[in-house]
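In: Need coordinates for the following:
(one chain, ligands or ions: 1)
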Amino acid sequence: MKDIVPAPPPMVHNQFETIRELFSKNVVPSYGRFDLAFTHGASSHVFDVAGKRYLDLGGGIAVTSLGHSHPAITKTLIEQSKKLLHVSNLYYHEPQGRLAEAIVKLIAPGKVFFCNSGAEANEGLFKLARKFGHDEGRFEILTATNSFHGRTLAGISATGQEKVKKGFEPMTPGFRHVPYNDLQAMREAISPATVAILIEGVQGEGGVTQATPEYLLGLRALCDEKKLLLLMDGVQCGHFRTGRFQSFQRILENSQLSTLNSQPFLPDGIAMAKSLGGGFPIGAFWARAPYADLLGAGTHGTTFGGTPLGCAVALKILEVIQRENLADNARNIGGFLKSGLEQLAQKYPGVIHNVRGLGLMLGMELAPNLAKLPGDPAKSQSLRFVNVLHAAGLLTIPAGTQVIRLLPALNLRPSEAEEGLKIIESAIAKLAG
Ligand SMILES: Cc1ncc(COP(=O)(O)O)c(C=O)c1O
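Out: Prediction:
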């Protein structure tokens, strides 16, 4: 019998150029990619097509929460796929209900909507806010300068960085950007059309900058005063990355003021994705109880939102995180990594400007004009430094032109953190002086 799809021509394995050629001929070139192609991974290591081993401290940009090829994820994928991969959201199934319940328990009374990505989780929050303000003609959402909220049209409109908007104007109306951590500027920016404020607890793409406790608490009071929704984008900084389920819980844990009028601080909506599925695409937003029913039947939806397979994987990840106490691991190993990087910043002030972040969301800002940094001077320092680390067998993520991000698996081991610090130090030492 003739094959319907002809057999592919034999691909020469272990050949990076063959794969790159496939991409250059067939894949939309919307990503700036590094010259690396991977075949497999285990825990916090991945292997490229030439068999070279890398320590993965980038975690697929805060996605691979349990590392690569975690046996519990593999087992869940196999078992659930034998039972039920997908049913439409026209019907009920247990994994979606159980995952929603688990997320509600981790935050506060409210309800959860499931989708497929971080951008889509934020889209849901935008629609929630629009619905909330609709009858009063309010629709405007204030976001922060340097924020990042995804690549859909509303996502780039919400994002406080010009580079993502360029070439795609006009933007979706109803978004304005206000300097981060500046409460007074936020107060002054509120207009009669404003309906919500959206911020990241720790800005990721913007270069690992965290909200201050005073800012979070001040925003809550401001939103209460002006009847606005306070929305948080926890897509990158959420899911125990900072040592607590959501970053605001970590940021406020030592704050004397962490309660307002004896109520614990709570946003009205939270977007999630990335680490939630550990590499399986799933996103979600949680909405606080008074607003949880605003999006009634027929107002919002997506075909693949909260499939049995995605929810089973996300539930298993939560179970492993809780059983193995990976929140504390993120806090402790993150603290160890951060103090190691701070020591390097002290030892090599001409190379490392400063170190920022919480738990396993860390940023290392390079000093300007690193004369010995190899690579094309037309490229940013962060890209060139990440390339230097690749050559030394370490994956990290650039943010902007100057910052290197570490967003590894939540189960990173002390020995792996030490390995990473050693590689970073030897790269820095070559650039010093
Ligand atoms: C804070 C934040 N929000 C939203 C997004 C978009 O998520 P996704 O790429 O899954 O659409 C990202 C992605 O990096 C992010 O960091």
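
In: Quick one: name whatever helix or strand follows the helix or strand of the chain with the lowest mean pLDDT.
Out: The weakest-scoring helix or strand in the chain, judged by mean pLDDT, DSSP states H and E, is strand 259-260 (a mean of 62). Downstream of strand 259-260, the first helix or strand assigned by DSSP states H and E is strand 263-264.

In: so for that next one, what's the average pLDDT?
Out: The average pLDDT within strand 263-264 is 82.

In: what sits against Arg384?
Out: Leu373, Pro374, Gly375, Asp376 (CB atoms under 8 Å, 6 or more residues apart in numbering). Using the backbone N, CA and C atoms, a C-beta is placed for each residue, glycine as well.

In: One more: Ile141?
Out: Phe126, Ala129, Ala158, Gly174, Phe175, Thr194, Val195, Ala196, Ile197, Leu198, Leu231.

In: low pLDDT regions in the chain?
Out: For the chain, the stretches with pLDDT under 70 are 1-3, 6-14, 256-262.

In: all helices for it, in order.
Out: Assigned by DSSP state H, the helices in the chain fall at 16-26, 59-62, 71-83, 94-106, 118-133, 153-158, 162-165, 183-189, 213-226, 247-251, 308-323, 326-347, 381-391, 414-431.

In: Show me the one of those that comes nearest the ligand.
Out: The ligand lies closest, by CB to the nearest ligand atom, to one member of the helices of the chain: helix 118-133, at 2.3 Å.

In: Show me what that closest one is packed against.
Out: strand 110-115, helix 153-158, strand 194-200, strand 229-233, strand 269-272, strand 283-288 (3 or more CB pairs under 8 Å, 6 or more residues apart in numbering; DSSP states H and E).

In: Deepest in the core, which of those is it.
Out: strand 269-272 (a mean of 29; mean count of other CB atoms under 10 Å).

In: Count residues in the vicinity of Ile352, would you?
Out: 23 (other CB atoms under 10 Å).

In: beta partners of it?
Out: Ile352 has these beta-bridge partners by DSSP bridges: Leu366.

In: Next up, the contacts around Phe139.
Out: Going by CB under 8 Å, 6+ apart, Phe139 touches Ala129, Arg130, Gly133, Pro173, Gly174, Ala193, Val195.

In: okay if I get these as CSV plus distance to Gly67?
Out: Shown next, in CSV, are these (distance: CB to CB, whole Å):
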residue, distance to Gly67
Ala129, 36
Arg130, 39
Gly133, 42
Pro173, 42
Gly174, 40
Ala193, 45
Val195, 40
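
In: From these, pick the one nearest Gly204.
Out: Ala129 (21.6 Å; CB to CB).

In: Distance of the closest one relative to Leu198?
Out: 8 Å (CB to CB, to the nearest Å).

In: for the closest residue in space to Glu123 that isn't next to it in sequence, what are its contacts?
Out: Take Glu123 and drop its neighbours on the chain: the residue closest to it by CB to CB, 6 or more residues apart in numbering is Ala154, 5.6 Å away. By CB under 8 Å, 6+ apart, the contact list for Ala154 reads Asn122, Glu123, Phe126, Thr172, Phe175.

In: Many thanks, I have nothing further to ask.
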